[in-house]
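Got a sequence here, can you model it:
(chains A and B)
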Amino acid sequence: MSAAGERTTGTLSILAAWAVAALFLILPLVQVFSQAFALGWSGITDALSDPDAESAIRLTLIVAAISVPVNLVGGLAAAWCIAKFDFPGKTLLVSVIELPFAISPVVSGLVWVLLFGSQGWFASELAAAHVQIIFALPGIVLATIFVTFPFVARTILPLMQEQGRDHEEAATMLGAGFFATLWHVVLPDIKWALLAGVLLTNARAMGEFGAVSVVSGHVSGLTETIPLQIESLYDDYQSTAAFALSALLACLGLITLVVKAVLEWHITRTRRIAV
Amino acid sequence: MNLASPLLLPEVSVASIPPAVSIAGLHQHYGRFPALFNVDLTVQKGEFLALLGPSGSGKTTLLRTIAGLEPNYQGYLAIDGEEMRHRPARERNIGFVFQSYALFRHMTVAENVAFGLRVQKRRIRLPEAAIRDRVRELLSLVQLPGLADRYPGQISGGQRQRVALARALATEPHLLLLDEPFGALDPLVRKELRQWLRGLHERLGLTSIFVTHDQEEAVEMADRIVLLKSGIVQQIGTQPQLEATPVNGFVFSFLGETVHFPGVVRDGSFEFALASLPPLGTDLPDGPAEMLTRPYHVSLTADDNGPATVTAVHQAGPLWRHTVKIEDTAIEVLEFRPLQVGSRVSLEFERINLFEKQ
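Below is the predicted model:
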């Protein structure tokens, strides 16, 4: 094929890619925002100041505020173990970390119902202690943590594997303890990737529907997060309010994506000058 | 001073100064694979020791075990007379230079060098001003005073190596361990750094142990060489000692270019596989054996009835490298004067080393 022909094919495939993106990604998003603004700004403010919507926003933020730090620490620990140590069953552990990606979120939610629900394994103990997990905040947090666990671990794992153990061993030989090594040597090297993983975790924690839906019980104003509230509103034919909340959720997601893109650009730039 | 005292001196010094490193009956495993087998080694204070061997010989494992980075060993390991089993690596104050240098890439050269001083326990940590002075001192010691604010990614390989060394020396360790210190450098820089490192070792009164697979490097730098193969120490000694009394064929061939003659020992006589060479007397037991010698320990004499033919001649520095064919085997011989290509020659061996075949 001639160079000009190659160029034409290249241009055509780029156009095709943009067309698909516009049709399936950008158009729906535009639609969400236009529907949300169907009644103007007042429609939005009304929808967002509704007590149930406020409760949903608050719950979503609480769930994210708990599950993100938990998965930051958990994902870091898991990635560290896998990247720096050899032990039997290592490959299995990598697969287990990816399990939440592979199985349906509904199943992830049902697992918790099976364990902690009124018919579950620990039902009598929980009842005796007057602890409610399912249809309450703890259940929603547990389901969210489970579903979002892979993000931090998967983002930093390749980087940590590439690092090897030399730097930590060098720090050890220089007299540094575990926390000094973690803080001064390991974390600075992976901080951008770690932040990207945290952002993804956060986006998913706020947007998770399936698993949370199973464990929440759909009590409006009490156990509904933003995605669940959107479904309730939509089922209730309050489409403007549903789209207003959707737009809010979409905005949070978009902000996450932009910040992540900036971080990734930063990572590639610093990698290029790295040793 | 009377005549008797020099005889007493060594005894006194052995009693009062413990060796820098003493190892006895050391075993090390990687999983189920033995990495070191029954190692005995004593390193005196001030010594510059080379751990030499092919890859997989256990030399790096031995170095890492001394450092404390491979704590699951069996046997005895003491540093300055103190048993090390329950002393973690971070408390040993051993300078360690990694093959990759392992510089912290997000820290400047000065921050890298200061790291060991800054992570010290608050009780013994120097004040920040003193740390800065010490870093400046160390950077001028390794001849890099202008690079304090650069990042590791912005300096050359040889400079990185010296930064790694300055960092390892910051907390004034008595023992310096170096893993293939010149492996990643180009040959010219390597030669220059060898001399410089040896000088630094003398000046600071260090005890140094370095790992290398390059016999030339070991010979040039080290006081003594520990030759390892398959996790077993083959022989320990100075280069002349090893050259004069090698314990086996591996030691001899690893220490320099070698001419190999396979053969067999029968009734106190070594018979070359090449029938045209006359047998040699030996006290080795019967069985397969080999005669090893250096290319410059074979001398060639023009001889029309000789068993060998010169097939090629090249100049090699002050010497001439001859390729000589005996029956169907070619060997390399170094001579001061070139012989004619195609001439028949007889061989004479100035040094004969006979070993049982391993």
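
Domain-wise, how is chain B divided?
B:13-244, B:257-356 (automatic domain parsing).

Quick check: which of those is buried the most?
Among the domains of chain B, ranked by average contacts under mean count of other CB atoms under 10 Å in any protein chain shown, first place goes to domain B:13-244 (a mean of 18). C-beta here means a position set from N, CA and C on the backbone, and glycine is covered the same way.

That one near chain A anywhere?
Yes: Domain B:13-244 is in contact with chain A by CB under 8 Å from any CB of the partner chain, via B:67, B:69, B:89-96, B:98, B:100, B:102-106, B:115-116, B:119-120, B:151-154, B:160, B:167-168, B:170-171.

Please, where are all the helices along the stretch 101-250 of chain A?
A:105-116, A:123-128, A:137-163, A:166-173, A:178-181, A:187-207, A:210-216, A:226-235, A:239-273 (DSSP state H, counting those that start in this stretch).

With residue B:317 as the reference, name the closest of those.
Closest to residue B:317 of the helices of the stretch 101-250 of chain A, according to CB to CB: helix A:166-173, at 38.8 Å.

Let me see the mean pLDDT of that closest one.
For helix A:166-173, the mean pLDDT works out to 94.

which residues sit in contact with the closest residue to residue B:155 other than its chain neighbours?
Closest residue to residue B:155 apart from its sequence neighbours, by CB to CB, 6 or more residues apart in numbering or on different chains: residue B:147 at 5.9 Å. Contacts for residue B:147 (CB atoms under 8 Å, 6 or more residues apart in numbering or on different chains) come out as B:109, B:139, B:155, B:159, B:163.

what's the spacing between residue B:147 and residue A:198?
35 Å (CB to CB, to the nearest Å).

re earlier: mind putting the domains of chain B into CSV with mean pLDDT and distance to residue A:226?
As requested, the domains of chain B are arranged in CSV below (pLDDT from 0 to 100; distance: least, CB to CB, whole Å):
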stretch, mean pLDDT, distance to residue A:226
domain B:13-244, 92, 38
domain B:257-356, 93, 77
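
which element follows the longest helix seen in chain B toward the C-terminus?
With secondary structure taken from DSSP state H, chain B has its longest helix at helix B:187-204. Where DSSP states H and E defines the elements, the next helix or strand beyond helix B:187-204 is strand B:207-212.

Report the distance from that next one to the chain centre.
Offset of strand B:207-212 from its chain centre (CA atoms, centre = their mean, to the nearest Å): 7 Å.

Can you give the contact residues for the helix or strand following that strand?
Heading C-terminal from strand B:207-212, the first helix or strand you meet, by DSSP H and E, is helix B:215-221. Contacts with helix B:215-221, where a contact means CB under 8 Å, 6+ apart, come from B:48, B:50, B:52, B:182, B:190, B:194, B:197-198, B:210, B:212, B:225, B:239, B:254-256.

cool, stretch B:303-320 as well?
Contacts of stretch B:303-320 (CB under 8 Å, 6+ apart): B:274, B:276-277, B:296, B:300, B:321-327, B:330, B:334-347.

contact partners of stretch A:222-237?
Outside stretch A:222-237, the residues touching it (CB under 8 Å, 6+ apart) are A:52-53, A:55-57, A:59-60, A:63, A:135-137, A:140, A:206-209, A:212-213, A:216-218, A:220, A:239, A:241-242, A:245-246, A:248-249.

Would you mind naming what in chain A lies close to chain B?
A:164, A:166-167, A:169-177, A:180, A:184-185, A:188-189, A:273-275.

And those residues, which of them are buried?
Using 16 or more other CB atoms under 10 Å in any protein chain shown as the burial test, the residues of chain A next to chain B include A:167, A:169-176, A:180, A:184-185, A:189 as buried.

biggest separation within these, which pair?
Going by CB to CB, the pair spanning these furthest: A:175 and A:189, at 19.5 Å.

Would you check how far apart residue B:34 and residue B:56 are?
With the distance defined as CB to CB, residue B:34 ends up 12 Å from residue B:56.

And for residue A:178?
31 Å.

Let me know the pLDDT of residue A:223.
89.

Same question for residue A:26.
87.

Same check on residue B:1?
The model's pLDDT for residue B:1 equals 39.

just to revisit the earlier point, which one of the buried ones among the residues of chain A next to chain B sits closest to residue A:265?
residue A:189 (17.8 Å).

close enough to count as contact, that closest one and residue A:167?
Yes: assessed by CB atoms under 8 Å, residue A:189 is found in contact with residue A:167 at 7.3 Å.

so where do the helices sit in the stretch 151-300 of chain B?
B:157-169, B:187-204, B:215-221, B:239-244, B:249-254.

between the longest one and strand B:207-212, how many degrees?
Same thing as helix B:187-204. Angle between the axes of helix B:187-204 and strand B:207-212 is 160 degrees (criterion: axes from the mean of the first three to the mean of the last three CA atoms, to 10 degrees).

Surely residue B:81 and residue B:18 touch.
Yes: Residue B:81 lies in contact with residue B:18 (CB under 8 Å); the separation is 2.9 Å.

List the residues that contact residue 258.
In the absence of a named chain, chain A is used. So residue A:258 contacts nothing (CB under 8 Å, 6+ apart).

that answer is for a different chain, and I need it for chain B
Here residue B:258 is in contact with B:252, B:292, B:293, B:294 (CB under 8 Å, 6+ apart).

Provide the backbone phi and psi angles at the last one.
Dihedral pair for residue B:294: phi -90, psi 150, per degrees, to the nearest 10.

Residue in the stretch 251-358 of chain B with the shortest distance to chain A?
Here the residue of the stretch 251-358 of chain B nearest chain A is residue B:254; by CB to the nearest CB that distance is 27.7 Å.

Can you report how many residues lie near that residue?
24 (other CB atoms under 10 Å in any protein chain shown).

What of residue A:168?
Residue A:168 has 19 nearby residues by other CB under 10 Å.

Apart from its chain neighbours, what residue comes closest to it?
Per CB to CB, 6+ apart, closest to residue A:168 is residue A:181, 5.4 Å.

need the contact list for the one you found.
Residue A:181 sits in contact with A:168, A:171, A:172, where contact means CB under 8 Å, 6+ apart.

nearest to chain B, of the residues you listed?
Of the contacts of residue A:181, the one sitting nearest to chain B (CB to the nearest CB) turns out to be residue A:172, at 4.9 Å.

pretty sure the closest one contacts residue B:64?
No: contact status for residue A:172 versus residue B:64: not in contact, 11.4 Å apart, counting by CB under 8 Å.

Nearest to chain A: which residue in the stretch 201-350 of chain B?
Closest point on the stretch 201-350 of chain B to chain A, by CB to the nearest CB, is residue B:209, at 13.7 Å.

Secondary structure class of the residue lying closest to that residue once chain neighbours are set aside, three-state.
The shortest distance from residue B:209 to any non-neighbouring residue, by CB to CB, 6+ apart, is to residue B:49 (4.7 Å). Three-state assignment for residue B:49 (DSSP: H, G, I helix; E, B strand; the rest coil): strand.

who touches residue B:49 in this structure?
B:43, B:208, B:209, B:210, B:222, B:223, B:224, B:225, B:226.

Over to residue A:165?
By CB under 8 Å, 6+ apart, the neighbours of residue A:165 are residue A:84.

separation between it and residue B:313?
Residue A:165 is 52 Å from residue B:313, by CB to CB.

what does residue B:211 give?
For residue B:211, the distance to residue B:313 - CB to CB - is 38 Å.
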